[in-house]
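Asks: Sharing a sequence plus its predicted fold:
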Amino acid sequence: MNTASQLARPDWRAALNPPIYLVSVLPGLGVPLLGIGETAPWQPLLLATVAVVLLQHAINLFNDAADWRLGADVEKHDSWVRVHGGRPEAAVVHGALSLLAGGLLGLLVLWVNAQWWLLLIAAPLLLLGYLYNAGPRPLSYTHLGEWVTGVCYGPGVFGCLWLVAGGPVDVRWLAGSLAFAALAMALLLSHQPPQVDTDRAAGKLSFAVRYGVDRTRRVALRLFALFVAASTLGVGIGVGAAPGVGLLLIGAVVVYRLRGRAPNPKRILLAASAFVGAGLVVVALAG
């Protein structure tokens, strides 16, 4: 049972935590980074990225509600369930509205672009994202949690945004999908160490519960390095060898600086944003 202190209602802005949505924004920026040029329509890509942010917001709400009901993360002071007065059902309704808005916006983009065939890819991945938090035993509580996150953000988010922008299914698509799958998994793993005890008590088989905190942090760093390597490969193929080498050097510096401290979500997202931002400058200078 939740105590009165656990039910203290936080400011909704603390629960929103805007920087966390960079994990949905960065794949949208990854599309021009990997070589979709100025002739590509940017409006559908922008709207599709906003749709992804809305879908992530829905998943965050569903995740907080599932964790609250199953006994994990009840100490989380910025849980959306707290914002809704300790009522997980209210958080679920909030999430459903965000899911509806993101879904409708995504459908609008597909309608404008005449890309209904993309539903064959997006719909199963959206269902997978829903099952990540749904039911008495969500996928996030199983050995599949990290893999589902990688699939949804790699070929799911980046892959579909790339196709919305008119990109082909080629090596760059594969490199970008691998890069942003690795980034999402690195972010998830960096989030797990502080809550390993409550996750274990709730029966959540997170990577940190299965393999321990130290290994989780090492793997998170390696996944971030994979994000850098795969992104650099995509830039080298899509833009040119010189920009690829330049981005590789930047990535090496970013990984080295991240290595000096235990990775956490804020550091992972800050490092990824710096890397992608520097990469876009390199690509722009390359013409």
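Replies: Now that the structure is in, tell me what you want to look at.
Asks: Give me the distance between Arg137 and Leu46.
Replies: From Arg137 across to Leu46, the span is 37 Å (Cβ to Cβ, to the nearest Å). Placement of C-beta: from N, CA and C, glycine included.
Asks: Of those two, which one has the most company?
Replies: For Arg137 versus Leu46, the count of surrounding residues by other Cβ atoms under 10 Å is larger for Leu46: 14 against 10.
Asks: before we move on, which element is that one in?
Replies: helix 42-70 (DSSP states H and E).
Asks: likewise Gly135?
Replies: Short version: Gly135 belongs to no helix or strand, going by DSSP H and E.
Asks: Roughly how far does it sit from Thr142?
Replies: Taken as Cβ to Cβ, the span from Gly135 to Thr142 is 11 Å.
Asks: higher neighbour count, the two?
Replies: Thr142 (16 against 10).
Asks: wouldn't the more buried one be in contact with Leu205 here?
Replies: Yes. At 5.7 Å, Thr142 counts as touching Leu205 under the criterion of Cβ atoms under 8 Å.
Asks: Show the subsequent helix or strand relative to the lowest-mean-pLDDT helix or strand in the chain.
Replies: Every helix and strand in the chain was compared by mean pLDDT, DSSP states H and E; the lowest is helix 12-16, with a mean of 73. Going down the chain from helix 12-16, the next helix or strand is helix 22-33, by DSSP H and E.
Asks: Off-centre distance for that following helix?
Replies: 10 Å (Cα atoms, centre = their mean, to the nearest Å).
Asks: For that helix, list the C-alpha coordinates in CSV.
Replies: C-alpha atoms of helix 22-33 as CSV (Å, rounded to 0.1, in the frame of the first residue of the first chain):
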residue,chain,number,x,y,z
LEU,A,22,15.1,13.6,-27.2
VAL,A,23,15.2,9.8,-27.8
SER,A,24,12.3,10.4,-30.2
VAL,A,25,13.6,13.7,-31.7
LEU,A,26,17.1,12.5,-32.4
PRO,A,27,16.0,9.8,-34.9
GLY,A,28,14.2,12.6,-36.8
LEU,A,29,17.5,14.5,-36.9
GLY,A,30,19.3,11.3,-37.9
VAL,A,31,17.5,11.3,-41.2
PRO,A,32,19.3,14.4,-42.6
LEU,A,33,22.4,13.4,-40.7
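Asks: Would you mind listing the outside residues contacting that helix?
Replies: The contact list for helix 22-33 (Cβ atoms under 8 Å, 6 or more residues apart in numbering) reads 40, 45-46, 48-49, 52-53, 55-56, 153, 157-158, 161-162, 165, 167, 176, 179-180, 183-184, 187, 231, 234-235, 269, 272-273, 276, 279-280, 283.
Asks: From those, keep the buried residues only.
Replies: The neighbour-count test (16 or more other Cβ atoms under 10 Å) marks 45, 48-49, 52-53, 55-56, 153, 157-158, 161-162, 165, 167, 176, 179-180, 183-184, 187, 231, 234-235, 269, 272, 276, 279-280, 283 as buried among these.
Asks: could you measure Val213 against Leu34, distance?
Replies: The gap separating Val213 from Leu34 is 34 Å, by Cβ to Cβ.
Asks: How about Leu125?
Replies: 20 Å.
Asks: just Val23 next, same as before
Replies: 17 Å.
Asks: out of these two, which sits in the busier spot?
Replies: Neighbour count, other Cβ under 10 Å: between Val23 and Leu34, Leu34 has more, with 27 against 24.
Asks: tell me the SS of the closest residue to the more buried one other than its chain neighbours?
Replies: Using Cβ to Cβ, 6 or more residues apart in numbering and skipping the chain neighbours, the partner closest in space to Leu34 is Gly234 (4.0 Å). Put simply, Gly234 is helix when judged by DSSP: H, G, I helix; E, B strand; the rest coil.
Asks: what's near enough to touch Gly234?
Replies: Contact partners of Gly234, counting by Cβ under 8 Å, 6+ apart, are Leu33, Leu34, Gly35, Val171, Arg172, Ala175, Gly176, Ala179.
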